[in-house]
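Chemist: Below are the sequence and a predicted model for it; my questions follow.
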Amino acid sequence: FETAELIRLREQSRYVPIIFLSAVDKLDEDVFRGLASGAVDYLFKPVVPEVLQSKVSVFVELYRMRERVKQEAVRHGEERFRLLVNSIKDYSIILLSPEGIVTSWNPGARLIEGYEAQEIIGRHFSCFYTEEAIQRGNPGFELQIAASVAQHEDEGSRVRKDGTTFWANVVISALKDESGRLTGFARVTRDVTERKAAEEQLREVAVELEQRVGERTEELVRSQQRLRDLATELTLTEQRERKRLAGELHDYLAQLLVLMRMKIRQASRH
């Protein structure tokens, strides 16, 4: 019973049919315990070979049928996936081996990268990188990151077949089997040159607007300074004028007072 439970716990043997053969444990409780531990049948000894062979044949046939259905589903799934991938024109979708060798190529990749399938399959995907990026070890580093954290995304300059460069958004995803073993990578590339050009144009417009705002701000600051200088000049002029008028009034009144004194003295004699 413990062996059956352990077999069911293991991933590789979880779905293997188990048939109990027992000459000792023949009670209903034993049969129920055996079935509960994962058995598909429980036979008592002595066993009739033909009966055992028949039961084993049934499970073998069920296994074969299940495998055929699974393979058919996988085949149909792969076919649908292939049709889907081939219908995508705006993205370059390629499959890589664990070493980075191109193993699959879609029409979108031909439009973006410029290679025909027979020209690129079997080559290392580093041919899509600039010489500077290759010298820095970017291709291998990106595969290492994708293998360790499942996915790596990057935006940068990539090279087409004709040697021209374009700005690309690249996502590399690690492909692993049920046991976690790395089987390859899927690389999806999108040409974002137009978006990058639009962003650059927006950045230039923003810089120009910022420069204009700065110039206008400086002009306003100069205008405010001129206004302050003018206000100061007006205040000083007003003070000078007040002082001048006060001086003139003082001198005029002083002259009047002197004249009045003279007149009073003259009148006092008479």
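Modeler: Everything's here; your move.

Chemist: drop to CA atoms for contacts and neighbour counts, all remaining ones
Modeler: OK.

Chemist: What are the phi and psi values at the residue nearest to I19 when sequence neighbours are not counted?
Modeler: Here the nearest residue to I19 in space, its sequence neighbours aside, is D41; by C-alpha to C-alpha, 6 or more residues apart in numbering that works out to 4.8 Å. With angles defined as degrees, to the nearest 10, D41 sits at phi -160, psi 160.

Chemist: for the one 10 residues further on, same thing?
Modeler: The phi and psi torsions at V51 (degrees, to the nearest 10) take the values phi -70, psi -50.

Chemist: Do a quick rundown of the helices in the stretch 51-200 of the chain.
Modeler: In chain order, the stretch 51-200 of the chain shows helices spanning 107-113, 117-120, 131-136, 138-149, 193-269, with DSSP state H, counting those that start in this stretch as the criterion.

Chemist: What lies in contact with the fourth one?
Modeler: If I follow you right, that is helix 138-149. Residues from elsewhere that reach helix 138-149 (C-alpha atoms under 8 Å, 6 or more residues apart in numbering): 100, 125-126, 129, 133, 151-152, 172-174, 182, 185.

Chemist: Which positions within it qualify as buried?
Modeler: 139, 142-147 (16 or more other C-alpha atoms under 10 Å).

Chemist: pLDDT on it, on average?
Modeler: Across helix 138-149, the average pLDDT comes to 90.

Chemist: same thing with the longest one?
Modeler: Across helix 193-269, the average pLDDT comes to 85.

Chemist: quick revisit: check contacts around the residue nearest to I19.
Modeler: Contacts here follow C-alpha under 8 Å, 6+ apart; on that basis D41 touches 18-20, 35.

Chemist: Those residues in helices, which ones?
Modeler: Among these, DSSP state H puts L35 in helices.

Chemist: A197: which of the contacts of D41 is nearest?
Modeler: The shortest separation between A197 and any of the contacts of D41 is 64.7 Å, and it belongs to I18 (by C-alpha to C-alpha).

Chemist: out of the contacts of helix 138-149, what pair is the most spread apart?
Modeler: By the measure C-alpha to C-alpha, A133 and L182 form the most distant pair in these, at 24.7 Å.

Chemist: give me the low-pLDDT residue ranges for the stretch 51-200 of the chain?
Modeler: Counting by pLDDT under 70, the stretch 51-200 of the chain contains low-confidence residues at 69, 72-89.

Chemist: Now with 80, please.
Modeler: Along the stretch 51-200 of the chain, segments meeting pLDDT under 80 span 62-63, 65-91, 105-108, 117, 178-179, 196, 199.

Chemist: hmm, back to that, which of the buried residues of helix 138-149 sits closest to V47?
Modeler: Compare each of these with V47 using C-alpha to C-alpha and the shortest gap goes to A147, at 52.0 Å.

Chemist: one step back: which among the contacts of D41 count as buried?
Modeler: Buried residues within the contacts of D41, counting neighbours by 16+ other C-alpha under 10 Å: 18-20, 35.

Chemist: any chance of those in JSON lines, plus pLDDT?
Modeler: Rendered in JSON lines, the data for the buried ones among the contacts of D41 read as follows (pLDDT from 0 to 100):
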{"residue": "I18", "pLDDT": "88"}
{"residue": "I19", "pLDDT": "88"}
{"residue": "F20", "pLDDT": "88"}
{"residue": "L35", "pLDDT": "81"}
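
Chemist: Cheers, nothing more for now.
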